[in-house]
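# Let's see this in three dimensions:
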Amino acid sequence: MQDFRKLRVWRAAQDLAVAVHGMTQTLHGTDAASLRSQVRRSALSIAANVAEGAVSGSPRQFARFLQMAIASTSETESHLDFAIRVRLLPDAEAGKLMQDTVVLRRQLIALRKRVLEAANQKPGT
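Got it, this is the predicted structure:
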């Protein structure tokens with residue numbers, strides 16, 4: 001069990017969720033409200049899965065939660081891409097968030113790999 005607040009990926013995920021929340025403040029109307037809710041939930045899910053996995057009790061369980069966080073980065077990126085395509089969010093700002101999401105996904109993938117490698121190491125080898 002570890003303190004999730006010390007994990008760089010958790011802090012980056014929280015930063016992303018805050019940025020997504022701020023950017024989506026401007027989304028109004030019925031269609032936009034649905035998208036706003038979806039993208040906020042997917043962004044929040046990234047950090048939540050990292051936090052839950054960090055205290056899950058085993059490296060394999062942590063890796064499973066990291067995989068869910070990775071999936072949530074893809075969902076977030078997809079929602080942001082859609083928002084740009086239908087001109088609900090400005091290209092430059094939403095594009096920056098998409099780039100941040102891709103970087104975070106890479107960090108999560110690397111962490112998951114390290115967690116699984118550590119789980120697979122046998123004592124004394």
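
# mind listing what's buried in the helix or strand harbouring R64?
Using DSSP states H and E, R64 falls within helix 59-85. For helix 59-85, burial by neighbour count (16 or more other C-beta atoms under 10 Å) applies to 59, 61-63, 65-73, 75-77, 79-80, 83-84. Any C-beta I mention is one placed from the backbone N, CA and C, and that applies to glycine too.

# just stretch 101-111 next, same as before
In stretch 101-111, counting by 16+ other C-beta under 10 Å, buried: 101, 104-105, 107-108, 111.

# gap between stretch 15-33 and the chain center?
16 Å (C-alpha atoms, centre = their mean, to the nearest Å).

# before we move on, back to that, please convert the buried residues of stretch 101-111 to CSV, extending it with distance to K6, secondary structure and pLDDT.
As requested, the buried residues of stretch 101-111 are exported to CSV (distance: C-beta to C-beta, whole Å; DSSP: H, G, I helix; E, B strand; the rest coil; pLDDT from 0 to 100):
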residue, distance to K6, secondary structure, pLDDT
T101, 22, helix, 98
L104, 17, helix, 98
R105, 20, helix, 98
Q107, 14, helix, 98
L108, 16, helix, 98
L111, 13, helix, 97
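
# Which of these lies at the shortest distance from I46?
L104 (6.9 Å; C-beta to C-beta).

# correct me, but the closest one touches A47?
No: judged on C-beta atoms under 8 Å, L104 makes no contact with A47 at a distance of 9.7 Å.

# what's the overlap in contacts for those two?
13, 16 (C-beta atoms under 8 Å, 6 or more residues apart in numbering).

# how about low-confidence regions in this protein?
Scanning the chain for pLDDT under 70 picks out 1, 122-125.
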